[in-house]
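Asks: What shape does this take:
(one chain, ligands or ions: 1)
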Amino acid sequence: MKVANKKVTAERLVRDALEKAKYFSDYHIFTFLNEEVAIKKAKEIDKRIAKGEKVGKLAGVPYALKDNFLSPEGETTASAHILEGFTAPVTATAVAKLEAEGAIMIGRTNLDAFAHGSTTENSYFGPTLNSHDKTRVAGGSSGGSAVAVALDIVEFATGTDTGGSIRQPASFNGVYGLKPTFGTVSRYGVVAMASSTDCIGFFTKTPDDMNLLMSIAAGQDPKDMTTLPDYYDESETKSQKDSLRIGVIKEFDNDSVSPEIREALKKKVELLKAKGHEIVEVKMPSLKYALAAYYIIVPAEVASNLSRHDGVRYGFRSDKSADLKNLYENTRNEGFMPENKRRIMIGNFVLSSGFYDAYFLKAAKARTLIVKEYEKAFSKCDFLLAPVTPNPAFKLGEKIGDPVAMYLEDMMTVSLNLAGVPGLTIPAGETKEGIALGLQLIGPRQSDKNLIQFAKELA
Ligand code: GLN
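Replies: I've put the predicted structure just below:
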């Protein structure tokens, strides 16, 4: 808008964003800066505006792209050595939609390799630092995108959320982060992690920006057969009742959740009550199976999705190999991070004959219970308000040596992905030491628009 109204030029905005990105280079947010192309695109938009031509809703708005979205601008590496040197021949649908409205990608952001992780410490290029405290983790896997928005380098950034990778770093950095309903935004052209839980979403500084981006990015895509029929409409304001019923999950209210997060939740609950909303306690006992089910189902899908990386088709190829089998082995051994390998091993194990019934099938059944439990919860309340994580951002290096301790931090995010329901992280103040706190609003499937609108009441 600012650009279309000639208040500022697109070139100025893009140059400022690039300058800020360089100024904050020690945070290690970007894996690639799109300097030349971004400035060229900005100049083209400025020319079109000078000529009085119509421009898009995001004309000249600089944004950051998580480095697992395919586009020909820069290499798409997913922060993995095995994809180094890979320039995508196609553009992800989400990227194409943003750019059609005039958004300009200024850089690609760091993530845990293939989005496996919760801190960006699994990135081949090293970790991103937390925007509020450089000694702490940025969160992950979309840590770079969250910090790019939190440090005000860009207006928005893209993310992917398979088990919390948008909501958790948003919470760790004090910004909004939406994981939409499964199937709302096309995943065509995005590096797959787990196909039954992957979602595309955004990081923004306001709910209104989130609404605008969703209205642009959402929609059925013939290139992604899992996309839902169009339902997201920015302008249509579905009449939301004045007084809503908000559920608080009983199982998340215990000593394993840090006192600061429980306090932040209490404050927001009081705020909602003061605004005339009703608060109800909701019991969701099946959520205790969510983490175990997630860490069986997701590795199974990861193992399948990563089997295509063989050193022949994309990116890096090991040159130490005597024959073809050796080429596959060496490329995969040198190209994947330890966490990628761990998931490939677990995934193949839980799918193998003899273990399938004991692990994968059980996890699939637990998933059904979780889906039903969310349905039941939303028959009793309009939305749920919950913590995103049991603890605020922890220290770099604190959990990377202990995979189970790291996985446990995901216990409040993963169930939404298993159930396909939307979740929106909202900022919820800071700890005494100035570490960001966040909470998540959870809604029934396809309530994304109302969820975003409701977030304004909690601001
Ligand atoms: N932290 C979770 C994991 O490591 C979620 C990752 C994601 O959403 N991409 O699986």
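
Asks: contacts and neighbour counts: CA atoms only from here.
Replies: Noted.

Asks: spatially speaking, which residue is in the middle of this structure?
Replies: Ile166 (2.6 Å; Cα atoms, centre = their mean).

Asks: now the strands: where do they sit in the stretch 351-459 of the chain?
Replies: 383-387, 423-430, 436-442 (DSSP state E, counting those that start in this stretch).

Asks: can you check the stretch 201-350 of the chain too?
Replies: Counting by DSSP E, counting those that start in this stretch, the strands of the stretch 201-350 of the chain are 245-249, 278-282.

Asks: just for this structure, where's the confidence low?
Replies: The chain contains residues with pLDDT under 70 at 1, 236-239.

Asks: which bits of it sit near the ligand?
Replies: Ala115, His116, Gly117, Ser118, Ser141, Asp161, Thr162, Gly163, Gly164, Ser165, Asp410 (Cα under 6 Å from any ligand atom).

Asks: mind listing which of the residues you listed are in strands?
Replies: Asp161 (DSSP state E).

Asks: ok so, going back, any chance of the strands of the stretch 201-350 of the chain in a markdown table, plus distance to Ser171?
Replies: Formatted as a markdown table, the strands of the stretch 201-350 of the chain follow (distance: least, Cα to Cα, whole Å):
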| stretch | distance to Ser171 |
| --- | --- |
| strand 245-249 | 18 |
| strand 278-282 | 22 |
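
Asks: Same list, those strands, but as JSON lines with distance to Gly423 and mean neighbour count please.
Replies: Formatted as JSON lines, the strands of the stretch 201-350 of the chain follow (distance: least, Cα to Cα, whole Å; neighbours: other Cα atoms under 10 Å):
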{"stretch": "strand 245-249", "distance to Gly423": "14", "mean neighbour count": "22"}
{"stretch": "strand 278-282", "distance to Gly423": "17", "mean neighbour count": "16"}
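
Asks: between those strands, which one is nearest to Ser318?
Replies: strand 245-249 (49.1 Å; Cα to Cα).

Asks: any idea of the angle the closest one forms with strand 383-387?
Replies: Inter-element angle recorded for strand 245-249 and strand 383-387: 30 degrees (by axes from the mean of the first three to the mean of the last three Cα atoms, to 10 degrees).

Asks: Just the CA trace of strand 245-249, in CSV.
Replies: Below are the C-alpha coordinates for strand 245-249, written out as CSV (Å, rounded to 0.1, in the frame of the first residue of the first chain):
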residue,chain,number,x,y,z
ARG,A,245,-16.4,-20.1,24.6
ILE,A,246,-12.7,-20.6,24.9
GLY,A,247,-11.4,-23.9,26.1
VAL,A,248,-8.2,-24.4,28.2
ILE,A,249,-6.7,-27.9,27.9
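
Asks: could the residues of the chain next to the ligand go into a markdown table alongside neighbour count and distance to Leu385?
Replies: Converted to a markdown table, the residues of the chain next to the ligand look like this (neighbours: other Cα atoms under 10 Å; distance: Cα to Cα, whole Å):
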| residue | neighbour count | distance to Leu385 |
| --- | --- | --- |
| Ala115 | 33 | 26 |
| His116 | 26 | 26 |
| Gly117 | 27 | 24 |
| Ser118 | 28 | 21 |
| Ser141 | 34 | 23 |
| Asp161 | 29 | 19 |
| Thr162 | 27 | 20 |
| Gly163 | 31 | 17 |
| Gly164 | 33 | 15 |
| Ser165 | 33 | 18 |
| Asp410 | 22 | 16 |
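
Asks: Which one of the residues of the chain next to the ligand is nearest to Tyr232?
Replies: Asp161 (18.8 Å).

Asks: contacting residues for the closest residue to the closest one other than its chain neighbours?
Replies: Nearest residue to Asp161, sequence neighbours excluded (Cα to Cα, 6 or more residues apart in numbering): Cys199, at 5.2 Å. Cys199 is in contact with Thr160, Asp161, Thr162, Lys179, Pro180, Thr181, Phe182, Gly183, Thr184, Val185, Arg187, counting by Cα atoms under 8 Å, 6 or more residues apart in numbering.

Asks: Can you tell me which of those residues comes closest to Gly52?
Replies: Val185 (31.9 Å).

Asks: And that closest one, how far from Val302?
Replies: 20 Å (Cα to Cα, to the nearest Å).

Asks: Counting neighbours around each, name which of these two comes out higher.
Replies: When Val185 and Val302 are compared for neighbours, Val185 comes out ahead with 28 against 24, by other Cα atoms under 10 Å.

Asks: Distance check, that one against the ligand.
Replies: 15 Å (Cα to the nearest ligand atom, to the nearest Å).

Asks: One more: Lys20?
Replies: Counting by Cα to the nearest ligand atom, the gap from Lys20 to the ligand is 27 Å.

Asks: Spatially, what comes nearest to that residue if we skip its sequence neighbours?
Replies: Per Cα to Cα, 6+ apart, closest to Lys20 is Ile153, 5.6 Å.

Asks: wait, doesn't the one you found sit right on Arg15?
Replies: No - Ile153 lies out of contact with Arg15 (Cα atoms under 8 Å); the separation is 10.7 Å.

Asks: Looking at these two, which is more packed in?
Replies: Ile153 (24 against 18).

Asks: got a list of what the residue nearest to Lys20 touches?
Replies: Contacts of Ile153 (Cα under 8 Å, 6+ apart): Ala17, Leu18, Lys20, Ala21.

Asks: got the residues you listed as TSV, with neighbour count columns?
Replies: As requested, the contacts of Ile153 are exported to TSV (neighbours: other Cα atoms under 10 Å):
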residue	neighbour count
Ala17	23
Leu18	21
Lys20	16
Ala21	23
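
Asks: which of these lies closest to Lys241?
Replies: Ala17 (39.9 Å).

Asks: Could you pull up phi and psi at the residue of the stretch 1-150 of the chain found nearest the ligand?
Replies: Of all residues in the stretch 1-150 of the chain, Gly117 sits closest to the ligand, at 3.4 Å by Cα to the nearest ligand atom. Note on Gly117: its backbone torsions stand at phi 150, psi 180 [degrees, to the nearest 10].
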